[in-house]
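Undergrad: A structural model of the following input is requested.
(one chain, ligands or ions: 2)
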Amino acid sequence: MTMPKALTIAGSDTSGGAGLQADIKTFQELGVYGMNALTVIVAQDPTRNWFHEVIPQSVEALDKQIETVLAGIGVDAAKTGMLGSIEIIELVAQKIDKYKMNQLVVDPVMVCKGADEALNPETDACLRDVLIPRAFVVTPNLFEASQLSGHGPITTVADMKTAAEKIHQLGAKHVIVKGGSKLGTAQAIDVWFDGDTHHELKSDVIQTTFTHGAGCTYSAAIAAELAKGNTVEEAIYVAKDFITEAIKHSFQLNEYVGPTNHSAYRFRNA
Ligand SMILES: Nc1ncnc2c1ncn2[C@@H]1O[C@H](COP(=O)(O)OP(=O)(O)O)[C@@H](O)[C@H]1O
Ligand SMILES: Cc1ncc(COP(=O)(O)O)c(C=O)c1O
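TA: Ligands and ions are numbered 1, 2, ... in the order given. From the prediction side, this is the model:
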């Protein structure tokens with residue numbers, strides 16, 4: 001039997017709902033063999049309102065992990081999540097070129113949900129200049145799209161479309177700007193720009209605050225479907241369905257955090 005294989009280059013979310021844990025769970029649920037290269041560890045402090053502490057890993061350690069997977073095994077698609085430093089972004093870019101990874105989904109993580117400030121503002125320009133041009137698909141939320149496009153605050157679907165075009169000009173082939181529940185509309189609208197046409201992906205907004213890991217899960221689902229050889233269009237529509245189902249069945253872990261439910265899509269389709 002052969003299995004499609006995917007790699008996530010991402011941070012560890014110790015609480016299990018976001019980061020590489022969300023990615024690997026999503027790969028598994030969609031029938032893809034998941035592997036990871038760890039960039040940073042995120043720990044959350046229960047005595048300080050679940051304050052997120054980001055503990056970087058060394059560039060050497062990341063280099064060895066990526067070589068293990070790309071030189072030693074090979075993958076059908078890859079995704080990036082939280083990267084944490086300029087050195088790490090540059091290393092990842094080198095590896096993408098070295099291994100000619102063209103099925104690459106970049107989730108340009110700049111913020112953790114629940115935290116209201118950019119985690120590493122100094123890395124934002126590097127993400128924009130070094131990684132976005134190498135992305136097949138890039139999936140910024142409204143804050144990230146505003147940073148990458150220089151558009152200023154994004155509050156409408158028209159703003160999302162303008163920002164998507166600007167990010168496309170940076171070199172990403174497909175840009176998905178995630179409106180989610182942040183637009184204040186009755187529907188969770190994402191705009192996908194393919195370089196030619198804007199597509200609006202819509203689902204009803206689910207009234208919940210338990211959306212920890214939603215962005216990671218969504219981008220991982222796109223990578224998984226690409227790894228299976230599906231078209232980008234198929235991958236994006238499956239991913240939207242997968243994340244909507246995961247949010248519908250999300251749950252509370254403690255008073256601070258509620259992750260999406262990675263099994264919900266498979267259970268529905270069983
Ligand atoms: N409350 C919600 N109801 C339905 N879909 C949502 C909701 N919140 C987010 N989404 C969807 O989940 C996906 C991830 O979006 P979002 O949570 O904004 O990303 P991020 O985690 O990067 O901030 C998008 O497809 C978005 O439309
Ligand atoms: C390691 C890691 N990556 C990414 C994220 C972003 O998560 P989300 O998908 O909720 O935006 C988080 C949030 O806590 C995280 O801990």
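Undergrad: residues from this structure in reach of ligand 2?
TA: Contact residues (Cβ under 6 Å from any ligand atom) of the chain with ligand 2: 10-13, 18-19, 42, 81-82, 109, 112-113, 212-216. Heads up, the C-betas are built off the backbone N, CA and C, glycines and all.
Undergrad: repeat that with 5 Å
TA: By Cβ under 5 Å from any ligand atom, the part of the chain that sits against ligand 2 consists of 11, 13, 18-19, 42, 81-82, 109, 112-113, 213, 215-216.
Undergrad: please list which of the residues you listed are also close to ligand 1.
TA: Okay, of the residues of the chain next to ligand 2 touching ligand 1 (Cβ under 5 Å from any ligand atom), that's residue 215.
Undergrad: of the residues of the chain next to ligand 2, just say which sits nearest to residue 202.
TA: residue 215 (17.3 Å; Cβ to Cβ).
Undergrad: got phi/psi on that closest one?
TA: phi -70, psi -40 (degrees, to the nearest 10).
Undergrad: would you mark the buried spots in the biggest helix by length in the chain?
TA: Criterion DSSP state H: the longest helix present in the chain is helix 232-248. Buried residues in helix 232-248, counted by 16 or more other Cβ atoms under 10 Å: 232, 235-248.
Undergrad: contacts with ligand 1 among the residues you listed, please.
TA: 243, 247.
Undergrad: out of the buried residues of helix 232-248, flag the one nearest to ligand 2.
TA: residue 243 (9.8 Å; Cβ to the nearest ligand atom).
Undergrad: which stretches of the protein form strands?
TA: 5-13, 33-45, 51-56, 77-80, 104-106, 137-138, 174-178, 187-193, 198-204 (DSSP state E).
Undergrad: mind putting those into a markdown table with mean pLDDT?
TA: A markdown table is the format used below for the strands of the chain (pLDDT from 0 to 100):
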| stretch | mean pLDDT |
| --- | --- |
| strand 5-13 | 98 |
| strand 33-45 | 97 |
| strand 51-56 | 94 |
| strand 77-80 | 98 |
| strand 104-106 | 98 |
| strand 137-138 | 99 |
| strand 174-178 | 98 |
| strand 187-193 | 98 |
| strand 198-204 | 97 |
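Undergrad: how about those strands in a markdown table, adding mean neighbour count and distance to residue 88?
TA: Shown next, in a markdown table, are those (neighbours: other Cβ atoms under 10 Å; distance: least, Cβ to Cβ, whole Å):
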| stretch | mean neighbour count | distance to residue 88 |
| --- | --- | --- |
| strand 5-13 | 27 | 9 |
| strand 33-45 | 20 | 5 |
| strand 51-56 | 14 | 8 |
| strand 77-80 | 29 | 10 |
| strand 104-106 | 27 | 13 |
| strand 137-138 | 28 | 17 |
| strand 174-178 | 28 | 23 |
| strand 187-193 | 22 | 27 |
| strand 198-204 | 15 | 30 |
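Undergrad: let me have the ones you listed in CSV, extended by distance to residue 160.
TA: Output for these, formatted as CSV (distance: least, Cβ to Cβ, whole Å):
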stretch, distance to residue 160
strand 5-13, 25
strand 33-45, 28
strand 51-56, 27
strand 77-80, 21
strand 104-106, 18
strand 137-138, 13
strand 174-178, 4
strand 187-193, 4
strand 198-204, 9
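Undergrad: out of those, which is closest to residue 26?
TA: Across the strands of the chain (criterion: Cβ to Cβ), the nearest stretch is strand 33-45, sitting at 8.0 Å.
Undergrad: residues near whichever residue of the stretch 151-270 of the chain sits closest to ligand 2, how many?
TA: Using Cβ to the nearest ligand atom, the closest approach of the stretch 151-270 of the chain to ligand 2 is made by residue 215 at 3.4 Å. The number of residues packed near residue 215 is 25, by other Cβ atoms under 10 Å.
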